[in-house]
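Participant: Dropping the sequence and predicted coords here.
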Amino acid sequence: TTSLGVDGMVVAVALMAKNVGGGVNYVAVCTTLGASPNAIAAGLCVDNLFALVYFPLVSALSNGLPDATLHSDQSGESDPLVGSEVTEEEGSVTVESVSTTFSVAALVTWLGERIGGTKAALPVSTLLTLLLTTVSPPSFTAKLRKSANLLGTTFLYLFFATAGAPGLAIADTVKSSFVGLVVYLTILYMVHGATLFGARKLFSPKPQTIADKDNTKVETVNYSSVVAPQRLLVASSAAIGGPATAAALAQANGWDSLIAPSLLVGNLGYAVATFVALLQHWILT
């Protein structure tokens, strides 16, 4: 990423944050560390090319795999905490919910700027948001969830649109940094995949040999393992794409027991990615 000059290290740690949390973390890191608009757009452009390969690959690998639930005990009763349907009250998008969401966002943003200043406003706002969602009554956050997701996604896409709006104006930046970013992201994705593959190989239980109806011995794969391929694929999707893509992957494949965990892991990535990236930047510089 040296081709991006002083912005190279910023874009590198921001891409790391994006592939732990999501686009909002990429924006937060780039804004906090003062990356130029051209560098931000170049990083997004190349990363999106990798996403076009990653998501179809994950979808292909997940095709046909059953739900990853724990083994039933001898009585035939499965663990009631696993595979159970998680339901929660979510309010509809109304004028009241949108107004309340805007008010909360404005208050958090103002406090973030007052406490953290210009450079640390986004990380402080992230901390305040996490604190608010932790201490607020579930009934309050549930009413705002749909409105907050809608507005947050809209503004995030608006940022991406403005980042790419210069069009040909950033062509030179993309061309000059393309090879460096491709090499960096290739290493990033390879380490990501190697970690998942290594965990699967090291901690996966050995296949069990059982006899079928014809008394023929066959090997069975234990899909209830903590490193079952379904869980690893959902965890990977939560890191690369965020909770929405991970939950969509679980739902599309009928992995009901992994929908709630995918949302939790994805939101955990959102919570920590910005701070991990800023710490990494501090260590490297």
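Facilitator: Received, thanks. Residues are numbered from 1 along each chain as shown.

Participant: export stretch 250-262 as PDB, just CAs?
Facilitator: The C-alpha coordinates for stretch 250-262 follow below in PDB (Å, rounded to 0.1, in the frame of the first residue of the first chain):
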ATOM      1  CA  ALA A 250     -27.800 -19.000   7.700                       C
ATOM      2  CA  GLN A 251     -31.400 -18.400   6.700                       C
ATOM      3  CA  ALA A 252     -30.900 -19.300   3.000                       C
ATOM      4  CA  ASN A 253     -29.400 -22.600   4.000                       C
ATOM      5  CA  GLY A 254     -32.000 -23.400   6.700                       C
ATOM      6  CA  TRP A 255     -29.500 -23.100   9.500                       C
ATOM      7  CA  ASP A 256     -32.000 -21.800  12.100                       C
ATOM      8  CA  SER A 257     -29.700 -22.500  15.000                       C
ATOM      9  CA  LEU A 258     -27.100 -20.100  13.600                       C
ATOM     10  CA  ILE A 259     -29.200 -17.100  12.800                       C
ATOM     11  CA  ALA A 260     -29.000 -15.500  16.200                       C
ATOM     12  CA  PRO A 261     -25.300 -16.300  16.700                       C
ATOM     13  CA  SER A 262     -24.500 -14.800  13.300                       C
END
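
Participant: So which bits of it are buried?
Facilitator: Using 16 or more other C-beta atoms under 10 Å as the test for burial, stretch 250-262 gives 250, 253, 255-262. In this view, the C-beta of every residue, glycine as well, is placed from N, C-alpha and C.

Participant: Go through the residues you listed and name the one nearest residue 175.
Facilitator: Using C-beta to C-beta, residue 262 comes nearest to residue 175 of the buried residues of stretch 250-262, at 37.0 Å.

Participant: What distance do you get for the closest one to residue 239?
Facilitator: 11 Å (C-beta to C-beta, to the nearest Å).

Participant: biggest separation within the buried residues of stretch 250-262, which pair?
Facilitator: 253 and 260 (14.9 Å).

Participant: what comes up buried for the helix or strand hosting residue 282?
Facilitator: Assigned by DSSP states H and E, residue 282 belongs to helix 259-284. Judged by neighbour count (16+ other C-beta under 10 Å), helix 259-284 contains these buried residues: 259-263, 265-267, 269-271, 273-278, 280-281.

Participant: residue boundaries of the strands in the stretch 101-250 of the chain?
Facilitator: All strands of the stretch 101-250 of the chain, identified by DSSP state E, counting those that start in this stretch, fall at 208-211, 217-220.

Participant: By residue count, tell me the biggest helix in the chain.
Facilitator: helix 171-203 (DSSP state H).

Participant: how far out from the middle of the chain is that helix?
Facilitator: Put simply, helix 171-203 sits 16 Å off its chain's centre (C-alpha atoms, centre = their mean, to the nearest Å).

Participant: now for it, which elements pack on it?
Facilitator: Here helix 171-203 touches helix 8-18, helix 37-62, helix 229-240, going by 3 or more C-beta pairs under 8 Å, 6 or more residues apart in numbering; DSSP states H and E.

Participant: Out of those helices, which gets nearest to residue 123?
Facilitator: That would be helix 8-18 among the helices and strands packed on helix 171-203, by C-beta to C-beta, at 11.0 Å.

Participant: what's the burial count for the closest residue to residue 173 other than its chain neighbours?
Facilitator: Once flanking residues are discounted, residue 173 sits nearest to residue 38: 4.3 Å by C-beta to C-beta, 6 or more residues apart in numbering. As a burial measure, residue 38 scores 19 neighbours (other C-beta atoms under 10 Å).

Participant: Quick one: work out the angle between the longest helix of the chain and helix 8-18.
Facilitator: For helix 171-203 against helix 8-18, the angle by axes from the mean of the first three to the mean of the last three C-alpha atoms, to 10 degrees is 50 degrees.

Participant: Can you list the buried residues in helix 171-203?
Facilitator: Of the residues in helix 171-203, 173-174, 177, 180-181, 184-185, 188-189, 192, 196 count as buried by neighbour count, 16+ other C-beta under 10 Å.

Participant: same thing with stretch 226-245?
Facilitator: 227-245.

Participant: And stretch 140-151, by the same measure?
Facilitator: Across stretch 140-151, burial judged by 16+ other C-beta under 10 Å covers 141, 143-148, 151.
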